[in-house]
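S.K.: Quick one, what's the 3D model for this:
(one chain, ligands or ions: 1)
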Amino acid sequence: MMVINTVGHLAEAAWHHPDLTASYAWVEVRLKTHSAKGITDKDFDLARKIEEVIQWQPARDGGALEGTPRDDPRFAYIKYD
Ligand SMILES: C[C@H](O)[C@H](O)[C@H]1CNC2=NC(N)=NC(=O)C2=N1
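M.R.: The predicted structure follows:
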């Protein structure tokens, strides 16, 4: 559900809205530009931003943020493939 909220925030910030399908373990994001009746750069730009944010793993950045713990299932609400 956190993924849906995150995509929703990015969509509002972009003023470009995807169609979402979700289940307990996955979210499907479909993008098209209604006004153009097709795919435009707006769709690619929003898809890129969604992937960048959802797949963010701070521990890989080498900064101070550790990221969600991988070894303790009680806390790691994000399951990376
Ligand atoms: C009225 C119209 O939906 C709005 O101007 C914006 C909002 N979000 C949108 N989202 C998408 N996917 N395509 C649009 O053309 C679009 N237009």
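S.K.: which residues does residue 58 contact?
M.R.: 65-67 (Cβ atoms under 8 Å, 6 or more residues apart in numbering). (Each C-beta comes from the backbone N, C-alpha and C, glycine too.)
S.K.: Tell me the spacing between it and residue 65.
M.R.: According to Cβ to Cβ, to the nearest Å, residue 58 and residue 65 sit 4 Å apart.
S.K.: Ok, residue 4 next?
M.R.: As for residue 4, its distance to residue 65 is 23 Å (criterion: Cβ to Cβ).
S.K.: likewise residue 44?
M.R.: Counting by Cβ to Cβ, the gap from residue 44 to residue 65 is 28 Å.
S.K.: same thing with residue 20?
M.R.: Distance of residue 20 to residue 65, computed by Cβ to Cβ: 27 Å.
S.K.: Kindly report the same for residue 27.
M.R.: Look at residue 27 and residue 65: by Cβ to Cβ, they are 23 Å apart.
S.K.: Could you check which of the two has the larger neighbour count?
M.R.: residue 27 (17 against 10; other Cβ atoms under 10 Å).
S.K.: Please name the residues that touch that one.
M.R.: Contacts of residue 27 (Cβ under 8 Å, 6+ apart): 3-4, 7, 20-21.
S.K.: Please report phi then psi for it.
M.R.: In terms of degrees, to the nearest 10, the main-chain angles of residue 27 are phi -130, psi 130.
S.K.: Specify the beta-bridge partners of it.
M.R.: Counting by DSSP bridges, residue 27 is bridged to residue 22.
S.K.: Return the distance of it relative to residue 44.
M.R.: 19 Å.
S.K.: ok, and for stretch 45-56, which residues are buried?
M.R.: For stretch 45-56, burial by neighbour count (16 or more other Cβ atoms under 10 Å) applies to 46, 49-50.
S.K.: Kindly provide the whole-number mean pLDDT of that stretch.
M.R.: What stretch 45-56 shows for mean pLDDT is 96.
S.K.: Is it in proximity to the ligand?
M.R.: No. Applying Cβ under 6 Å from any ligand atom, one finds stretch 45-56 separated from the ligand by no less than 8.1 Å.
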